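> fold the following, please.
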Amino acid sequence: MTMRLTRPAAIRPSDQESHRVRPQSGDQPGSLSKSLSRVQTLGLAISTLGLAASLSGCTGAAGTEFSGDLFIESCSLACTDGASGAAVSCSIVDVTENQEISVLFSEPIDPATVNASSLQVIDVDNGTTPDGLRFVDPLNPNRVIFRPTVSFETGVNFSFLRNRSYEILIPGVAQGDAGPYIRSIVGRPNQSRLLCTVDTSQGVSDTVPGDPSVEVFVDTLTLDTSGNPILDGNGNPVLTRKQLGADFATKVENIALNSNVYFEFNELMNLPTVANNQFMTSPFIAVELDGDGNLATAGSDRSRIEGNYTVTVDQELLTTSLVFVPSGGFPAASVDDPMPALITVRIPASVVDIVQRPVTTATGGGTLVGVAERIEFESVFIPSEAGESFDLSAGTLGSQEAENITGALWGGGVLSPGVTGGTGRHGSLRIATGQTVILNTDSQVFPIDDFVGLNVIGNQDAMGDYPRTITETSGVFEFTTLQIAPSGTLMLTGSKPARILVRGEMIVEGSALIDLSGTSAPVWNSLEIDNDDYFAANPDDFPAGGPNAGPGGLGGDRADLGGTDIVPIGGVANPNSVRNGRPGVGIGLGTLSGDPGRGNGGAEFPVALPASNPFGYGLNATLLAGLNFNIGPDPLGVVGGTVCSSAQLGGVGSGGGYALPGGVGSPNPEFPTANFPVNGQTAPGDTFSQTTVSLAMENIDNINYSRRILRWNEGHLQGGASGGGGGNHTYGTLSGLTPVTTTCMGDFIVGLTTWHDHSAGSGGGAGGAVELLAGRSINLAGAVNASGGNGGSAISVQQSPGSFAMPGGGGSGGAVRVRAPQLSIGANARINVSGGAGGIAPWANFATGQTTIGGDGSPGLIRLEDGSGTISFMGLAGNVLPSGLESDVLKFLSVAPGYVMADPNNVVTLRPDSISGAGSCWFRPPGPFQSLGAREDDPMSNTVESKGWTMDVVTATGSRPFRGSDDGSPSWEEEHGNLLGYDLGINEDASPIVVRFQGARSIGQTLLSPCDINIDEFPNAQIQTGSLTPWVSHPADLEQLLTSSGAPFTPTMIRYIVIFDKTIDPVNSDTPGQILIDEQVIGVDNLRIEADPR
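The predicted model follows:
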């Protein structure tokens, strides 16, 4: 391809002593190596001329013969003259960080002799040599220049550091320096030494005074007098490079579609404000398409043209160049459009030079304007004029099925309803490696923060718009596809069970996690006064339950002894104290009668406490209330030796029950009974959980345990039960009497000398409830964790004053149901419904030699249903937790090897389980058009041909048009609508077949993988950021909607989804599924979209 380059050459002042040649207009801004090459070429030419002169009597370029010695005449530091070999000194000491140092010699200099040894620059403080360019001035061969280098890794940095001293040395023969020497082109060495020291105390100087300027160029078609492109001998268009205009009146016409945009700045710019070469982006400069061709609507109708930015600097010529390469070229303008879309270039004042001076509109910035070459486009049919036949299913060459978002049956010439999967109305969800996404079943907004927007699906509102966000409060999440990458986490919270439906494929990769586990209670310091106050201050420690599962019961508080004379010996004031361990919450957040499975709290002990210290009255049983004593070693080490102390323990929290009863909490006192009073009680009884008998969990014959199937519509999908907290107690309280008297109580005038009562650990939160349901397949290689949290333990430091907490019980595991037509469970996959372990009190290890432990939580429930029949109970023991023999696993795991379609209680007729759907690949017709231009319906006709899009509904008796009619009968859409149903029982107008369309702008003109475009991975998704449209019911609506900035969407690519609703809910007159049955619908085919690209 040849180019005609029209920009004139120019030069500009560089400093007080010389000029620099600016790049010729025909030069494409290039790399530093290219710029150096130009300088070196010029230097070589000068050297060659000098050599020729020496061979002809050493005559200079001006006719002067070179004779005598080489010496320094002057320099930019106000040097003295070095004639006759005199040493040279400098008058200027204070310089800038980017100070250029130039030295003028008496003769032309050989560039090969200019190096870091012949022109030395040394940091006085550390002896290092800063980086810099050493070269002969291309316009004055007698001048040698040292220029500090500039870098932009962390802002603008020069090799001359701020406020440092640098020694400048050029060795001279006359001073006896050893060399090497700078030499003339005839080989004479420099005679005069230059030795100066400069201080970089003056900041940074502007290499070109004033604001930086920029000129922006594009390549344009060269037209003949008839307006046709001129071609060269090879048939390629002849291009002319032109500077972009600053307004509509001076706009450049006929920009070549394969043109780059060339920016030429007249000085060194602050590169981070220009472009990032690593990511090939610009933070402030933007090349955009102005859709309406009207600059007055600046910003509202502009879309970014994607491409790569590359910036280079020429540190010899002190210039900066930027090249923008549009991805796939520029979009063309329409032939006859009087207001064609504009290509605009915005250079804001945020683009600055090395001294932070901005580019302004007066120096070439602002908005620059051009128009691309004009092309006339023909109408297109998508995917073809005959429409989509649905002959080829995914995996077959030429198929247009996007299998990851499809659960309906695509192939054999028809698209038919699938089994299940839901609408996918909350969009796709892909969780990256290391990323955590939290879904709340009580209220969740879609799209989720940090994920792609405008991918929710719904119905058109009264204002003609389609939903941009959805707030889901049911706990039912409907995705088109769900993929969790290794080490990614999907965390579920809230009070409702979580149901995750996926229209297509659900993939949980190895080491990925779906987390609905209960939280473990913290290790507890028994000196803490009040549980409520502690958790208010430390909310992250709270033992919360998973979705639809309760939090652990809090442990008992310290006793409220405020206002008594027990406070001086260790008591505390704690109004509203609750000394009993509080119970957990039963299965399903306590919604069932009798609160089955609830872990109960350990009792306070003793129940009654003294109203005051009975000093002076003797320690008698009446005044001591329930307090009693035993003789033994001082348990807390307060006084040491053998003492009279309370050995009473509080109750222990029991574990939450679910598939099995919760574990019993049993205290383990040091003494079975008290010494004084004789046979006094030293601990309360065991703590039991609420029974689960009413739930018939004992029936494990794998046939009739309907509750274990976890059907959501029967209320059986419920979270687990949480553990109870431990109780308060007085262990370690000391009497003033001593064992020498053989009694710890009596009528002596003594009282209590040390008071101890202890708060207790809390119960663990219960595992939550989740159902995973996919319309196509589930591949589970990672983990689903619905385990219960552990009960709170005492701190392990023996005889520490805070180490005497009674433990809480563990929370039960939750409920996990997994259903899909194809279910695959990897060898390392784990579904964990283990109950949490009871807390431990390592200090309470007494007479029986056993540590006091809170009751363990019960396992939860697992239900697996696989439509392919490849999953069976046998062999799954290794994939579930708690692990054990198959006979043990049978207590909480049930498997249906085959999708239970024959089950009369199945929910495939209830929304959203009753919905299936399919999604197409993306379609992008060929050509550099600016917008797809989907055709509107002809308002004057109702024939099939008059519709902008249509398809056929295939029945057992033939086909009928979905839209339009050629015989006057109502079309399917006219009779049954195109309204999406999404809530059970309130969508009585829901349509049995729903079609939606979505558009976007492609990056480039060719889609590399149209069936596998991940819209969650901008900017690597082949889709321009911000161009994804809402889902609409007619393709023509795509260009009627506005972006968040107010610009019209201008899609260049499109896809569609077809949704089948088999809901039959006669109670609510919501029966679109019955229409499918009555009409004997097999499916749809021949879907076709017509467009007029422009």
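
> this protein: helices as residue ranges?
Along the chain, counting by DSSP state H, helices occupy 32-55, 531-537, 587-590, 886-889, 972-976, 1072-1078.

> and the last one, what does it pack onto?
Yep, that's helix 1072-1078 we're talking about. strand 1053-1061 (3 or more CB pairs under 8 Å, 6 or more residues apart in numbering; DSSP states H and E). To be clear about C-beta, it is placed using only N, CA and C from the backbone, and glycine gets the same treatment.

> under the pLDDT cut-off, which ranges of the stretch 601-750 of the chain? List them.
Low-confidence segments of the stretch 601-750 of the chain, defined by pLDDT under 70: 615-622, 696-705, 738-743, 745-750.

> picking that back up, for the helices of the chain, which has the smallest mean pLDDT value?
The minimum mean pLDDT among these belongs to helix 32-55 (a mean of 37).

> so how far is residue 1063 from the residue lying closest to residue 464 once chain neighbours are set aside?
Nearest residue to residue 464 in three dimensions, chain neighbours excluded: residue 1040, at 7.3 Å (CB to CB, 6 or more residues apart in numbering). Here residue 1040 is placed at a distance of 30 Å from residue 1063 (CB to CB, to the nearest Å).

> neighbour count for those two, which is higher?
Legend: neighbour count by other CB atoms under 10 Å for residue 1040 and residue 1063, higher for residue 1063 (26 against 13).

> do a quick rundown of the strands in the stretch 901-1050 of the chain.
With DSSP state E, counting those that start in this stretch as the criterion, the stretch 901-1050 of the chain has strands at 915-919, 949-955, 958-961, 993-1000.

> make JSON lines from those and add mean pLDDT to it.
JSON lines is the format used below for those (pLDDT from 0 to 100):
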{"stretch": "strand 915-919", "mean pLDDT": "97"}
{"stretch": "strand 949-955", "mean pLDDT": "98"}
{"stretch": "strand 958-961", "mean pLDDT": "96"}
{"stretch": "strand 993-1000", "mean pLDDT": "96"}
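
> any chance of those strands in TSV, plus distance to residue 368 and mean neighbour count?
Shown next, in TSV, are the strands of the stretch 901-1050 of the chain (distance: least, CB to CB, whole Å; neighbours: other CB atoms under 10 Å):
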stretch	distance to residue 368	mean neighbour count
strand 915-919	41	31
strand 949-955	39	22
strand 958-961	50	16
strand 993-1000	27	25
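
> and residue 678, which of those strands is closest to it?
The minimum distance between residue 678 and those falls on strand 915-919, with 73.4 Å, by CB to CB.

> where in the stretch 401-550 of the chain is pLDDT low?
Along the stretch 401-550 of the chain, the parts satisfying pLDDT under 70 run over 449-454.

> in it, which spans are strands?
Taking DSSP E, counting those that start in this stretch as the test, the strands found in the stretch 401-550 of the chain are 409-411, 414-416, 429-431, 436-440, 444-446, 470-472, 476-479, 482-484, 489-493, 498-502, 505-508, 513-515.

> for the closest residue to residue 555 other than its chain neighbours, grab the count of nearby residues.
The shortest distance from residue 555 to any non-neighbouring residue, by CB to CB, 6+ apart, is to residue 760 (3.3 Å). When neighbours are defined as other CB under 10 Å, residue 760 has 39 of them.

> what do you get for residue 626?
17.

> nearest spatial neighbour of it, chain-adjacent residues omitted?
Using CB to CB, 6+ apart and skipping the chain neighbours, the partner closest in space to residue 626 is residue 606 (2.9 Å).

> tell me the spacing between the one you found and residue 564.
Separation of residue 606 from residue 564 (CB to CB) stands at 16 Å.

> between those two, who's got more neighbours?
Just comparing residue 606 and residue 564: by other CB under 10 Å the higher neighbour count belongs to residue 606, 25 against 17.

> quick check, that one in contact with residue 624.
No: with contact defined as CB atoms under 8 Å, residue 606 does not count as touching residue 624 (9.0 Å).

> so the residue nearest to residue 464 sits right up against residue 465, yeah?
No: using CB under 8 Å, residue 1040 is not in contact with residue 465, being 9.4 Å away.

> give me the domain ranges for this protein.
32-200, 214-375, 377-471+908-1094, 516-906 (automatic domain parsing).

> let's have these in TSV, adding distance to residue 479.
Listed next are the domains of the chain as TSV, based on distance: least, CB to CB, whole Å:
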stretch	distance to residue 479
domain 32-200	42
domain 214-375	27
domain 377-471+908-1094	5
domain 516-906	9
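
> out of these, which comes closest to residue 491?
Using CB to CB, these put domain 377-471+908-1094 closest to residue 491, at 4.6 Å.

> next, the distance between the ends of that closest one.
6 Å (CA to CA, to the nearest Å).

> just how off-centre is it within its chain?
Domain 377-471+908-1094 has its C-alpha centroid displaced from the chain centroid by 26 Å (CA atoms, centre = their mean, to the nearest Å).

> what's the closest non-adjacent residue to residue 496?
The shortest distance from residue 496 to any non-neighbouring residue, by CB to CB, 6+ apart, is to residue 475 (3.4 Å).

> and the one you found, how many neighbours?
Neighbours of residue 475 (other CB under 10 Å): 26.

> list the buried residues of stretch 835-848.
Residues 835, 836, 837, 838, 839, 840, 841, 842, 843, 844, 846 are the ones in stretch 835-848 that count as buried (16 or more other CB atoms under 10 Å).
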